[in-house]
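> Need a 3D model of the following:
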Amino acid sequence: MSSAHRPDHRRNDPRSADRAALRTERPAAHRSSNSAGLRHVLTHLITPLLMCIGMGLAYLGAFANPAPHHLPVAIVGSGRSSQLLAQSINDKAHGDLEVRTVGDRGAAMDQLKHQDIFGAYVMKAKVDAGGATGGATGDARDSGPELLVATAGSDTSASVVQKIFTPLAAQQGAPLKVTDVAPTAKDDPTGQGIFFLLVAISIGSYASVAVIGGAGAVLPLRLRAALAVGTSFVVGLIGTAFAGPVFHLVDHGLWGVWGMGWLYSAGILLIGTGLHTFLKRWTTLGVMALFVMLNFTSSGGIFRPEMQNGFFAALHSFWNGAGFVEGTRSQVYFADHGLAGHIWTLAGWLVVGLLMVGVAGLAERKRRTDEATSAANAAAVAAAAVAATVPERAARQETEQRRRMEQSGQTGQTGQTGQTRQSGQMEGSAESEEEMEEAVGV
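Here you go, the predicted structure:
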């Protein structure tokens, strides 16, 4: 007999078939793994793309085309000429300005310091040698027009007001004198340092939310809330250091700045910690929408609400970023005027954060109860399955063995029958143990 293998021996070899199947399965498994990984990456790319869309809509919608909307200004004077000038400017402004008249320069300065107006135009008048206005003596001289502004309230609003009244002064044939009744700190000439302080505190707060919610997810909610409060304390101190000794944005009232910074940061951290229970990996997008997209744009740090559209102007009246910026301005530059209202705004957001944590605590407690109930039910079902399956299987096997013995006609062989029965019982017992192991494994 020839020892040469037929050509179909290798093709019929089971080991060759296994190797061929393995080679076929490996590329398929590799493609499946790549597909799953690609889906995972694409799913996570949704978050930054939504951030891009949200930031573009928020920032460009708020800052791209600033224009005055009912910006309050005043004409100083009580005569008919002042009233006619105010009416003329109102008619030409078409709602961009709200021009009123005030009796004298002192009243105009008070309204500027209370931020009731953002510019006051003092018309050209005759002033005698003693400084009295309206003198008719031979030694009277002309007093040029003057514009009163308060750059600490908003440098951009002051610039807009100056652009409005400069041509008017030119028509009177005199240069416009600009007087700042509420100047900013020497190291913050534009007054926008407070806004960038808001940005720093906000980033420290909402970034900490991601850490506490992610890395601290295994901790009890009350401990996560305590971490949020403690972190806000530190963030407030860091912000105060930036405002005072580091960049000299403010020259007094640092403890008040820290208090408002702590209230602001604590509100963000508690709200974010509570939201993480529900939003999970979408929490970062949620807190960015609340405390970056809608917050920075409505804070009034760059443009006051009178220079923005109605949506962001409405948010300015109650959003927490506006409470911090306007509260800091009020304390540092405007003798605490309106400070209480801004503090109540920040306290309101803190209360919202506490309520959010409370709701999250109830939700987590319900979730733990449901999980414990499900686990108990699953254990009970498994135990019942084992208890019902094993005895029934053993009894069925014993009945089947007896029927076989009767059919074989070996009733006279007592020893052999006993041995067979014992063997059957041992096999049944082994199969019962195997069935129990399978049931417990399931």
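> tally of neighbours for residue 406?
By the criterion of other CB atoms under 10 Å, residue 406 has 10 neighbours. (Each C-beta comes from the backbone N, C-alpha and C, glycine too.)
> Residue ranges in the stretch 301-442 of the chain under the pLDDT threshold?
By pLDDT under 70, the low-scoring segments of the stretch 301-442 of the chain are 387-396, 408-442.
> Could I get the full set of helices for it?
Along the stretch 301-442 of the chain, counting by DSSP state H, counting those that start in this stretch, helices occupy 310-316, 320-333, 339-408, 414-441.
> buried set for the first one?
Taking 16 or more other CB atoms under 10 Å as the basis for neighbour counts, the residues of helix 310-316 that come out buried are 312, 313, 315, 316.
> Name the surrounding residues that touch that helix.
With contact meaning CB atoms under 8 Å, 6 or more residues apart in numbering, helix 310-316 is reached by 61-62, 69, 294, 297-300, 304-306, 308, 322.
> Return the members of these classed as buried.
Among the contacts of helix 310-316, those scoring as buried are 62, 69, 294, 297, 298, 299, 300, 304, 305, 306, 308, 322 (criterion: 16+ other CB under 10 Å).
> Nearest residue to the fifth one in space, please, no chain neighbours.
The spatially closest residue to residue 298, leaving aside those adjacent along the chain, is residue 315, at 3.7 Å (CB to CB, 6 or more residues apart in numbering).
> For this protein, just list every one of the strands.
Taking DSSP state E as the criterion, the chain carries its strands at 71-76, 97-102, 120-122, 125-127, 141-143, 146-149, 177-180.
> I'd like the mean pLDDT over the fifth one, please.
I take that to be strand 141-143. Confidence over strand 141-143 (mean pLDDT, whole number) is 59.
> ditto for the fourth one
Strand 125-127 shows a mean pLDDT of 53 in the predicted model.
> Also stretch 78-94?
91.
> Using CSV, write out every CA atom in stretch 221-241.
C-alpha atoms of stretch 221-241 as CSV (Å, rounded to 0.1, in the frame of the first residue of the first chain):
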residue,chain,number,x,y,z
LEU,A,221,-23.6,62.3,48.4
ARG,A,222,-23.3,64.1,51.7
LEU,A,223,-19.6,63.8,51.6
ARG,A,224,-19.5,65.0,48.0
ALA,A,225,-21.6,68.0,49.0
ALA,A,226,-19.2,68.7,51.9
LEU,A,227,-16.3,68.6,49.4
ALA,A,228,-18.1,71.0,47.1
VAL,A,229,-18.6,73.5,50.0
GLY,A,230,-14.9,73.2,51.0
THR,A,231,-13.7,73.6,47.5
SER,A,232,-15.8,76.8,47.0
PHE,A,233,-14.1,78.2,50.1
VAL,A,234,-10.7,77.6,48.6
VAL,A,235,-11.8,79.0,45.2
GLY,A,236,-13.1,82.1,46.9
LEU,A,237,-9.7,82.6,48.6
ILE,A,238,-7.9,82.2,45.3
GLY,A,239,-10.1,84.8,43.6
THR,A,240,-9.6,87.2,46.4
ALA,A,241,-5.8,86.9,46.1
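> List of residues touching that stretch?
Here stretch 221-241 makes contact (CB under 8 Å, 6+ apart) with 197, 200-201, 204-205, 208-209, 212-213, 216, 219, 254-255, 257-259, 261-262, 264-266, 268-270, 272-273, 277, 357, 360-361, 364.
> got a pLDDT number for the residue nearest the centre of the chain?
When CA atoms, centre = their mean is applied to the chain, the residue found nearest the centroid is residue 287 (1.3 Å). We have a pLDDT of 95 for residue 287.
> Can you verify my assumption that it contacts residue 207?
No: between residue 287 and residue 207 there is no contact under CB atoms under 8 Å: 9.1 Å.
> How about residue 160: what's its closest non-neighbour residue?
residue 68 (5.9 Å).
> Distance of that neighbour relative to residue 154?
Separation of residue 68 from residue 154 (CB to CB, to the nearest Å) stands at 11 Å.
> out of those two, which sits in the more crowded spot?
Applying other CB under 10 Å to residue 68 and residue 154 shows that residue 154 carries more neighbours, namely 26 against 22.
> hang on, isn't that one packed against residue 112?
No: look at residue 154 against residue 112 with CB under 8 Å: they stay out of range, at 11.4 Å.
> shared neighbours of those two, anything?
With CB under 8 Å, 6+ apart, residue 154 and residue 112 have common neighbours residue 118.
> quick revisit: what's the residue nearest to the centre of the chain in contact with, if anything?
By CB under 8 Å, 6+ apart, the contact set of residue 287 is 206, 209, 268, 271, 272, 275.
> From the residues you listed, which land in helices?
Among these, DSSP state H puts 206, 209, 268, 271, 272, 275 in helices.
> what about the residue lying closest to residue 346 once chain neighbours are set aside, how many neighbours?
Nearest residue to residue 346, sequence neighbours excluded (CB to CB, 6+ apart): residue 263, at 4.0 Å. Neighbours of residue 263 under the rule other CB under 10 Å: 23.
> The one 5 residues further on now?
Neighbouring residues of residue 268 were enumerated by other CB under 10 Å; the total is 28.
> how close does the nearest residue to it once chain neighbours are set aside get to residue 88?
Spatial nearest neighbour of residue 268, excluding adjacent residues (CB to CB, 6+ apart): residue 205 at 4.0 Å. Residue 205 is 49 Å from residue 88, where distance means CB to CB.
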